[in-house]
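> build me a model:
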Amino acid sequence: MKRLEFILLIFLAACSPVTEKIESNIVVPRIHYTGGADNASYSEAKLIKEGKCLYLEHADGSKVLPIFATKTIDWNTETKSLKVDSDTYFLGDKVAYGGGGSYPLEKNNYSWITEVDHGCDTSQVIVINKLIRPLEELPK
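Residues are numbered from 1 along each chain as shown. Next up, the predicted model:
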């Protein structure tokens with residue numbers, strides 16, 4: 001009897017429709033909040049996703065991996081949006097940030113809340129203390 005049940009289960013599994021793979025969650029690298037943003041420079045970039053990683057893609061096609069040092073951060077898989085503190089940004093949105101240049105990641109230099117996914121390109125990272133709307137999108 002058990003053999004018959006096993007064979008029936010195999011047939012049922014073989015006849016089941018193939019389901020689409022559910023998009024896996026984004027891993028948003030985060031370190032402890034360090035305070036206000038550095039306004040030494042101003043950069044704009046588009047929020048993009050590759051695999052489990054979010055990147056900031058500049059107009060010249062270069063990209064950096066943001067490491068967030070914000071008060072709060074949350075990725076919403078359903079809406080494909082990133083909530084940083086009180087603002088929400090969607091994939092493809094242009095965002096702005098202040099700070100210095102990007103650099104290769106040295107993991108031991110940070111106190112991690114959420115570490116970078118091993119599949120992310122860490123050759124160019126930037127610590128984000130504050131993400132804002134680009135100047136042309138701010139209300140006048």
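> who touches the longest strand seen in the chain?
The strand that spans the most residues within the chain, counting by DSSP state E, is strand 42-50. By Cβ atoms under 8 Å, 6 or more residues apart in numbering, the residues outside strand 42-50 that reach it are 26, 54-59, 63-64, 80, 82, 89-99, 121, 134-135. In short, each C-beta sits where N, CA and C put it, glycine included.
> at 7 Å what do you get?
Defining contact as Cβ atoms under 7 Å, 6 or more residues apart in numbering, one finds that strand 42-50 is touched by 26, 54-58, 82, 89, 91-98, 134.
> for ChimeraX, write the select line for the buried members of these.
Applying 16 or more other Cβ atoms under 10 Å to the contacts of strand 42-50, the buried members can be selected in ChimeraX as follows:
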select :26,54,55,56,57,82,89,93,94,95,96,97,98
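> among the contacts of strand 42-50, name the ones in strands.
Among the contacts of strand 42-50, DSSP E puts 54, 55, 56, 57, 82, 89, 94, 95, 96, 97, 98 in strands.
> so which one among those residues has the lowest pLDDT?
Comparing pLDDT over the ones in strands among the contacts of strand 42-50, residue 98 scores lowest. The value there is 80.
> separation between it and residue 75?
If you measure residue 98 against residue 75 using Cβ to Cβ, to the nearest Å, the figure is 22 Å.
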